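> structural data only, the sequence is not supplied:
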């Protein structure tokens with residue numbers, strides 16, 4: 001791996017320096033403070049067999065500054081809640097499931113009736129082992145952003161919503177309906193802040209989401225309320241509670257939902273969508289996360305990491321508070337004809353995959369070159385893809401990830417975010433690569 005990284009450094013230093021703007025004046029001082037934020041998915045413990053313990057055994061936990069837990073839900077009446085109902089949550093995974101010894105961070109099995117079991121209990125153990133690691137609860141996501149607009153609508157609704165989130169996740173007052181895990185204060189100390197993943201204020205996300213024109217200004221007001229209540233809590237506990245947000249790539253979505261010059265007054269940083277630029281909702285094989293728009297791209301304008309970051313900077317976002325999102329998954333098409341080694345070719349549909357057609361984890365994609373696929377690269381555009389003559393996968397491998405970390409340094413950005421940690425291999429290769437360049 002060091003040979004690959006050394007070669008990639010020599011190549012990408014030239015490319016990143018040639019195409020990127022100079023770093024901000026304060027970037028060198030900020031360089032020692034890069035954040036490395038990984039999302040841990042609630043559901044990863046099931047089919048992906050990715051318990052919290054793997055963050056420790058793979059070496060990922062010691063190379064991260066933050067873990068964002070995905071996700072917390074928002075109710076129709078605008079409050080944070082934990083519910084085991086179908087589609088509403090998984091309290092069993094979150095904090096009720098007794099974790100067996102072989103999946104436990106400290107090798108000790110949970111027992112029924114302890115205050116905190118499940119993923120939350122394991123995160124508590126992980127933090128005890130990795131003292132500098134911060135854990136944030138991420139609210140919303142694609143599926144659970146339905147009622148954010150209701151929660152943010154009025155001053156009263158914002159106050160109630162924020163208070164409910166703090167009570168549940170920071171004060172730790174979990175429900176205890178059956179005498180098992182949970183109860184007053186059971187979760188206290190596990191979470192160090194709150195990440196807002198509202199997809200998207202003022203714009204359509206998942207069908208059925210409540211969207212209002214006033215979401216844009218209400219998002220700013222919601223951040224202000226979170227900051228005020230978090231600071232009040234922190235004053236009592238002598239702790240700074242972090243507030244972050246996941247923000248979009250599309251300029252139209254930015255303009256519809258974000259008062260860019262105002263929101264960073266309240267945020268510690270924002271993680272920026274650096275992926276899903278293209279996918280199988282289109283019948284053309286394309287890049288999903290390129291640093292720059294590839295030559296010959298059929299869409300004009302098109303999406304890229306650089307154009308996304310520049311869109312935020314142009315609207316007033318501070319560079320050092322922009323954290324670039326890096327995908328630990330790829331997008332794939334099949335029935336591909338034409339194009340340049342498949343790139344920009346016409347497709348018949350999504351490629352078969354392990355869990356979801358058209359989307360596959362890095363740990364599985366990295367094995368495809370031994371099964372008839374060839375790796376292709378566009379070093380200037382900063383992306384890679386796999387192609388076997390019919391099926392096309394766009395993905396980030398260690399060389400592409402390294403290019404992105406050098407871009408982060410060159411542009412004076414705040415660090416890297418990874419969606420999601422269960423897509424990496426058992427050696428945390430992608431996370432190690434990010435840590436190698438951003439430490």
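It's in. As the structure is a prediction and not an experimental result, all values here were calculated from the model.

> from one end of stretch 262-280 to the other, what's the distance?
For stretch 262-280, the first and last residues are 35 Å from each other (C-alpha to C-alpha, to the nearest Å).

> how much space separates the closest residue in space to residue 350 that isn't next to it in sequence from residue 402?
Excluding its sequence neighbours, the residue lying closest to residue 350 (C-beta to C-beta, 6 or more residues apart in numbering) is residue 358, at 2.9 Å. Bear in mind the C-beta positions are built from the backbone N, C-alpha and C, glycine included. Applying C-beta to C-beta, to the nearest Å, the value for residue 358 to residue 402 is 26 Å.

> quick one, which of those two is more surrounded?
Higher neighbour count among residue 358 and residue 402: residue 402, with 24 against 19, using other C-beta atoms under 10 Å.

> show me what secondary structure element comes after the helix or strand harbouring that one.
Element membership of residue 402 [criterion: DSSP states H and E] is helix 398-411. Per DSSP H and E, the first helix or strand lying C-terminal to helix 398-411 is strand 415-419.

> elements contacting that following strand?
Here strand 415-419 touches strand 35-41, strand 269-272, strand 322-327, helix 398-411, helix 429-437, going by 3 or more C-beta pairs under 8 Å, 6 or more residues apart in numbering; DSSP states H and E.

> so can I have CSV of the ones you listed showing distance to residue 112?
CSV is the format used below for those (distance: least, C-beta to C-beta, whole Å):
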stretch, distance to residue 112
strand 35-41, 24
strand 269-272, 37
strand 322-327, 38
helix 398-411, 42
helix 429-437, 34
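
> would a markdown table of the ones you listed with distance to residue 207 and mean pLDDT be doable?
As requested, those are arranged in a markdown table below (distance: least, C-beta to C-beta, whole Å; pLDDT from 0 to 100):
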| stretch | distance to residue 207 | mean pLDDT |
| --- | --- | --- |
| strand 35-41 | 22 | 98 |
| strand 269-272 | 24 | 98 |
| strand 322-327 | 23 | 99 |
| helix 398-411 | 32 | 98 |
| helix 429-437 | 32 | 98 |
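
> for residue 385, find the nearest of these.
With respect to residue 385, and counting by C-beta to C-beta, the nearest of these is helix 398-411 at 10.0 Å.

> how far out from the middle of the chain is the closest one?
Centroid separation for helix 398-411 versus its chain: 17 Å, with C-alpha atoms, centre = their mean, to the nearest Å.

> can you check what angle separates it from strand 322-327?
If you take axes from the mean of the first three to the mean of the last three C-alpha atoms, to 10 degrees, helix 398-411 sits at 170 degrees to strand 322-327.

> quick one, helix 398-411 and helix 429-437 angle?
Orientation of helix 398-411 against helix 429-437 (the same axes, to 10 degrees) gives an angle of 30 degrees.

> and helix 398-411, what's buried?
398-411 (16 or more other C-beta atoms under 10 Å).

> ranges for the helices of the chain?
Applying DSSP state H to the chain gives helices spanning 2-19, 27-30, 53-57, 91, 118-129, 148-151, 155-165, 215-237, 251-257, 260-263, 305-314, 362-365, 398-411, 429-437.

> so where is this protein shaky, pLDDT-wise?
By pLDDT under 70, the weakly predicted segments of the chain are 1-32.

> hmm, 50 instead?
1-7, 9-31 (pLDDT under 50).

> okay, strands next: where are they in the stretch 51-200 of the chain?
For the stretch 51-200 of the chain, applying DSSP state E, counting those that start in this stretch gives strands covering 66-74, 80-81, 134-140, 193-197.

> okay, these in a markdown table with distance to residue 170 and mean neighbour count next?
Output for the strands of the stretch 51-200 of the chain, formatted as a markdown table (distance: least, C-beta to C-beta, whole Å; neighbours: other C-beta atoms under 10 Å):
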| stretch | distance to residue 170 | mean neighbour count |
| --- | --- | --- |
| strand 66-74 | 12 | 24 |
| strand 80-81 | 10 | 18 |
| strand 134-140 | 8 | 24 |
| strand 193-197 | 8 | 25 |
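
> turn the ones you listed into TSV, columns for distance to residue 281.
Below are the strands of the stretch 51-200 of the chain laid out as TSV (distance: least, C-beta to C-beta, whole Å):
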stretch	distance to residue 281
strand 66-74	21
strand 80-81	30
strand 134-140	21
strand 193-197	20
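
> out of those, the one nearest residue 178 is which?
Evaluated with C-beta to C-beta, the strands of the stretch 51-200 of the chain place strand 80-81 nearest to residue 178, the distance being 16.7 Å.

> what element comes up after the closest one heading to the C-terminus?
helix 91.

> distance from the chain centre to that following helix, please.
Computed by C-alpha atoms, centre = their mean, the chain-centroid distance of helix 91 equals 21 Å.

> quick one on the thing from earlier: so how far is residue 42 from the residue nearest to residue 350?
Counting by C-beta to C-beta, the gap from residue 358 to residue 42 is 22 Å.

> pull the contacting residues for the nearest residue to residue 208 once chain neighbours are set aside.
Of all residues not flanking residue 208 in the chain, residue 146 sits nearest, at 6.0 Å (C-beta to C-beta, 6+ apart). Applying C-beta atoms under 8 Å, 6 or more residues apart in numbering, we find residue 146 in contact with 74, 76, 206, 208, 209, 210.

> only the buried subset of those residues, as a PyMOL command please.
Paste this into PyMOL to select the buried members of the contacts of residue 146, with burial taken from 16+ other C-beta under 10 Å:
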select buried, resi 74+209
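
> and the residue lying farthest from the centre of the chain, what does it touch?
Distance from the centre of the chain peaks at residue 179, with 33.8 Å (C-alpha atoms, centre = their mean). Contacts of residue 179 were listed using C-beta under 8 Å, 6+ apart, and they are residue 113.

> likewise residue 127?
Shown in contact with residue 127 (C-beta under 8 Å, 6+ apart): 133, 135, 190.

> what is the nearest of those residues to residue 152?
residue 135 (24.2 Å).

> the closest one pairs with what?
Per DSSP bridges, the residues bridged to residue 135 are residue 67.

> not counting its neighbours along the chain, what's nearest residue 101?
residue 109 (4.1 Å).

> how about the one you found, phi and psi?
phi -70, psi 150 (degrees, to the nearest 10).

> count the neighbours of it for me.
Around residue 109 there are 13 residues (other C-beta under 10 Å).

> how close does it sit to residue 102?
For residue 109 relative to residue 102 (C-beta to C-beta), the value is 8 Å.

> near the closest residue to residue 174 other than its chain neighbours, how many other residues are there?
Spatially, and ignoring its direct neighbours in sequence, residue 174 is nearest to residue 182 (3.8 Å; C-beta to C-beta, 6+ apart). Neighbourhood size, residue 182 [other C-beta under 10 Å]: 25.

> hmm, residue 182 is touching residue 115, no?
Yes - with contacts counted by C-beta atoms under 8 Å, residue 182 reaches residue 115, the gap being 7.3 Å.
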